[in-house]
Structure formats: C-alpha cells, structure tokens
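In: Give the three-dimensional model of this entry:
(one chain, ligands or ions: 2)
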Amino acid sequence: MAARLLPATTEQAKTVLKTLPFWAVHLACLAVFWIEFRWSFVALCLALYFSRMFFVTAGYHRYFSHRAFKTSRAFQFLLAYAAMTSAQKGVLWWAAHHRHHHRYADTDQDLHSPGLRGFWWSHVGWILSNRYNRTEVEQIRDFYKFPELRWLNRWFLVPPLTLAVALFLAGGWGWLVWGFFVSTVLLWHGSFLVNSLAHVFGRRRYPTPDDSRNSFLMALLTLGEGWHNNHHHYMASARQGFFWWEIDVTYYLLKLLAWCGLVWELREPPPHVLAEETS
Ligand SMILES: [Zn+2]
Ligand SMILES: [Zn+2]
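Out: Numbers count the residues shown, from 1 in each chain. Ligands and ions are numbered 1, 2, ... in the order given. Now for the predicted structure:
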C-alpha cells in the first residue's frame, strides 16, 4: 500500500514545490510594510503593470498566439522578451496553450474553462498544476522554428530576473518590491482574469459557441483584452474593441508602432463580422 502511495505523494510534493515561487512572490509584496512609503513607488508599480500588460496583450496574445500583425525578426524578439518579463512562462508555451484554448473554448478539452472547472482552476489552478508544463509544439510550429524564441522559451526566467535585478540596481529595495513584486502580482491576476472572469462576467454581443464576455472595466484593466467576446468572435484581429467606444489601448499603441514602421499589416475585423451583432 505504502509503495502504491509513494508515487502519488512524490507527485503531490513536486506540485507543491513548483507552486512555491508563485506564493513567494505574493509574500514578498508584504515587504512594502518595511519600506518607507513613497508615491513614486506606486507610480513605478503602475507604470510597470501597464507597460508589461501591453506586451502581454500585444506580444504573447495578439502577435504570437494570433498573428494579428506583422513585424521584423528583431522586434519579434523584443516583443517576446518584454512579454516574458511578466513571468508568465515561455512565449511558445503561452501562445501554444492559448491556441489550444481557442480551439476547444469551454468544452471539456479547454484547460481553463470557468464554467466547467470552476473559477479558481481557470484563474490560476491550471498554471500551478504540473499537468501542462510541456510546450505544445504542434500548436506553435510557425514560431518554434526561430532558435532565439526556443532559447527564450526554455530559459523563461531570464527576462523576469533581468528586470528584477535591473530594478534593484537602479533603485534598491523600494524599486524591487514595488516595481517587480507588487507590480508582477497585479499583472498576473490582471492577465489571468481574461481566462477566468472574461468567460463569466459581462455582456455577450456575438453568439460564439463559448461563454466569452465583453466588459468595459476588464478592458480598462487589461488594455483592451476585456472585449473577449469580440475576440472569440474574430480572433485574428489586432483590434479587440470593435467600435470607437470600446477602449482598446493595446490597439491604439499598435497603431502608433505601425506609424513608426515597427509593425505592419494590422488585421482588422471585416465589416460583415461587425454587422453580425445578434445577442
Ligand atoms: Zn477565452
Ligand atoms: Zn486569443
């Protein structure tokens, strides 16, 4: 009996060990109580939240998962590196799992459907579990061919560690705790809300086969990702706020980058897609 229990126990121990850094980063936020408060720290925290949120949505999501625009190989690397400073694992891992989500959204094969597996699992449980560590190469062959992306994907702690060290060297404990730990925890939960709350809370404009929703508040917090029902309706678009009142800061910044010539061929929803509003 003991021999039969051992593998399961080892497996559980591995899972617990793997989640320790996640909880440690949360705990490290408590260090704010030992650091003299400054509003400049709060500003730094928010600046790093929103700038990295841009790279999560423009990089991990709209570019690597959906190829919603084109760019150079150098800027592609920069997008990957900057997105990965959010400590959300490798760029190929992230995009491959996201493509899987769109293929099976809210079916029993979806890894993070809140309707089928509960809020906690869809928010963070699936990431912390030991089941989905592998990069689904078959989902991401188009980007897997770039050796520099494979390298980043393998050494996925390099970008967040360089950011943390740079912050510490530039501004000491205050910058490290507020700029990295607090900002990263907020960024994690802000990003994860798209997997959890955006399939539960909000309005459905399009009758997609999944439970995706549109939410103005979520769109503000996630720089445009809150228009999740729009996105599931037409995922190839670089623009997720389909109408002028649907604020989508990531799209505005991508337009700015396009004017600078750093990205091009931003894909837009065709008129017939916009007109299909029925629910
Ligand atoms: Zn979704
Ligand atoms: Zn998507």
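
In: Now for residue 19, how many residues are close by?
Out: 16 (other CB atoms under 10 Å). The C-beta positions use only the backbone N, C-alpha and C, and glycine is treated the same way.

In: actually residue 36, not the one I wrote
Out: 7.

In: Also residue 228?
Out: Neighbours of residue 228 using other CB under 10 Å come to 28.

In: ok, now the one 3 residues further on?
Out: Applying the criterion other CB under 10 Å, we find 29 residues in the vicinity of residue 231.

In: show me what contacts it?
Out: Counting by CB atoms under 8 Å, 6 or more residues apart in numbering, residue 231 touches 212, 225, 237, 240.

In: which ones among these are found in helices?
Out: Among the contacts of residue 231, none falls in helices (DSSP state H).

In: Among those residues, which one has the most neighbours?
Out: residue 240 (28 neighbours).

In: which residues touch that one?
Out: 62, 219, 224, 225, 227, 228, 230, 231, 246, 248, 250, 251.

In: Surely the last one touches residue 238?
Out: Yes - when contacts are counted by CB atoms under 8 Å, residue 251 is listed as touching residue 238 (6.3 Å).

In: list the residues that contact both of the two?
Out: residue 266.

In: And the furthest pair within the contacts of residue 231?
Out: 212 and 237 (13.9 Å; CB to CB).

In: returning to what we had before: pLDDT for the contacts of residue 231 - can I get that in CSV?
Out: Shown next, in CSV, are the contacts of residue 231 (pLDDT from 0 to 100):
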residue, pLDDT
212, 96
225, 97
237, 97
240, 97
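
In: And the residues you listed, which is closest to residue 70?
Out: For these, the nearest to residue 70 is residue 237 (14.0 Å; CB to CB).

In: Give me the neighbour count for residue 262.
Out: Residue 262, neighbours per other CB under 10 Å, totals 15.

In: wait, residue 267
Out: For residue 267, the tally of surrounding residues (other CB under 10 Å) stands at 17.

In: please begin residue numbering at 33 from this point
Out: Sure, I'll start numbering at 33, so the last one becomes residue 299.

In: Provide a list of residues in contact with it.
Out: By CB under 8 Å, 6+ apart, the neighbours of residue 299 are 100, 101, 268, 269, 270.

In: Surely the last one and residue 285 touch.
Out: No - applying CB under 8 Å as the test, residue 270 and residue 285 come out as separate, 10.7 Å apart.

In: Could you tell me how far whatever helix or strand residue 159 lives in lies from the centre of the chain?
Out: Residue 159 belongs to helix 158-160 when assigned by DSSP states H and E. Remark: helix 158-160 is offset 13 Å from the chain centroid, using CA atoms, centre = their mean, to the nearest Å.

In: quick one: average confidence on that helix?
Out: For helix 158-160, mean pLDDT rounds to 91.

In: Please apply the same query to stretch 110-126.
Out: On average, stretch 110-126 scores 98.

In: From one end of that stretch to the other, what's the distance?
Out: Taking CA to CA, to the nearest Å, stretch 110-126 runs 16 Å from one end to the other.

In: Pull out the buried residues from it.
Out: 111-126 (16 or more other CB atoms under 10 Å).

In: and the residues you listed, which of them are in strands?
Out: Among those, no residue falls in strands (DSSP state E).

In: which helix in this protein runs the most residues?
Out: Per DSSP H, the chain has its longest helix at helix 34-60.

In: Can you point out the buried residues in the very next helix or strand once past it?
Out: Where DSSP H and E defines the elements, the next helix or strand beyond helix 34-60 is helix 71-87. By 16+ other CB under 10 Å, the buried positions in helix 71-87 come out as 73, 76, 77, 80, 81, 82, 84, 85, 86, 87.
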